[in-house]
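[1] No sequence on hand, only this structure:
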């Protein structure tokens, strides 16, 4: 007889749900940050069911996904990071440390760690929580490399915002809408969606899958590949920013002989636009000057060009900018 052990959301106050294929279920209350308590539950599982085949780690320290009251990097402390690492990473370490010897003796088993798609796509920068879940992904990949020799697979699930959970209740409507808009299926994840992914990774069909992170209800991360409307996203970023920088860039009226220059300018233009800043440049429609202006505009950024009247008369001024300032001469162009 074998058993599945599932570690729920609360690291210190949760109860493990343990069941077998016949549907028998027991629960054990424990603190996953306490190694002795964890070893006791694994022992209870093995004694009750005769083995342990599947371990699901979903415990983490209490967290509220409230974008209005989140701690910025300037206000967060290491103690906040430590609390999340304690619940998420140490909890997973303790359960694996206790369960893997049994799985090794059985020459097989499944470990499934619940991470977050915030690791790849921090749509809201919850610094401490995301760092801990990122560490869990690294833990998953590293452990998979060693545990494979014992017939044990180790995978992670990157869950999106899940409706109906205590942690997600504080999420504001605008954030929910942004996540929904960036998800191809047009909705938030449910607990059943996450459970379905767990069941798949625990099944025989996934016996040759290990060291992977399966994204469920993925938002912005997949949008990078699927053509998500970044215009709407960038507009929101700009509204949220308290300070917009005017970034002045001096470039030539030719692209140069090496394409690396154009590529570097395009990357700079994308960075300026994506971070909600404004480009201020010489106003030309030629060479690298045109490249950076067109790149910022193509990524829904704002561009101010400052052009001398003589170049406007020659027809080289860029007339599709957010703003074109025409000055009498080159001297004033440099000091405007």
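    On my side now, so go ahead. Remember, it's a predicted structure, so these values are computed and weren't measured experimentally. Residues are numbered from 1 along each chain as shown.
[2] Can you report how many residues neighbour the residue lying closest to residue 160 once chain neighbours are set aside?
    The shortest distance from residue 160 to any non-neighbouring residue, by Cβ to Cβ, 6 or more residues apart in numbering, is to residue 217 (3.4 Å). No exception for glycine: its C-beta is placed from N, CA and C like everyone else's. By the criterion of other Cβ atoms under 10 Å, residue 217 has 24 neighbours.
[3] before we move on, what about residue 121?
    21.
[4] again with residue 264
    14.
[5] any idea how far it lies from residue 281?
    15 Å (Cβ to Cβ, to the nearest Å).
[6] quick one, strands of the chain?
    Secondary structure of the chain (DSSP state E): strands located at 3-7, 15-20, 25-29, 54-57, 109-116, 152-159, 213-216, 246-248, 278-281, 302-308, 323-327.
[7] okay, the ones you listed in TSV with mean neighbour count next?
    Converted to TSV, those look like this (neighbours: other Cβ atoms under 10 Å):
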stretch	mean neighbour count
strand 3-7	23
strand 15-20	18
strand 25-29	14
strand 54-57	26
strand 109-116	26
strand 152-159	25
strand 213-216	19
strand 246-248	12
strand 278-281	22
strand 302-308	22
strand 323-327	15
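[8] Could you dump the ones you listed into CSV and include mean pLDDT and distance to residue 207?
    Formatted as CSV, the strands of the chain follow (pLDDT from 0 to 100; distance: least, Cβ to Cβ, whole Å):
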stretch, mean pLDDT, distance to residue 207
strand 3-7, 51, 16
strand 15-20, 60, 19
strand 25-29, 81, 25
strand 54-57, 94, 12
strand 109-116, 96, 9
strand 152-159, 95, 7
strand 213-216, 90, 15
strand 246-248, 90, 52
strand 278-281, 92, 53
strand 302-308, 91, 53
strand 323-327, 90, 61
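[9] Export those to a markdown table and append columns for distance to residue 145.
    Formatted as a markdown table, the strands of the chain follow (distance: least, Cβ to Cβ, whole Å):
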| stretch | distance to residue 145 |
| --- | --- |
| strand 3-7 | 22 |
| strand 15-20 | 27 |
| strand 25-29 | 30 |
| strand 54-57 | 17 |
| strand 109-116 | 13 |
| strand 152-159 | 9 |
| strand 213-216 | 14 |
| strand 246-248 | 43 |
| strand 278-281 | 45 |
| strand 302-308 | 47 |
| strand 323-327 | 55 |
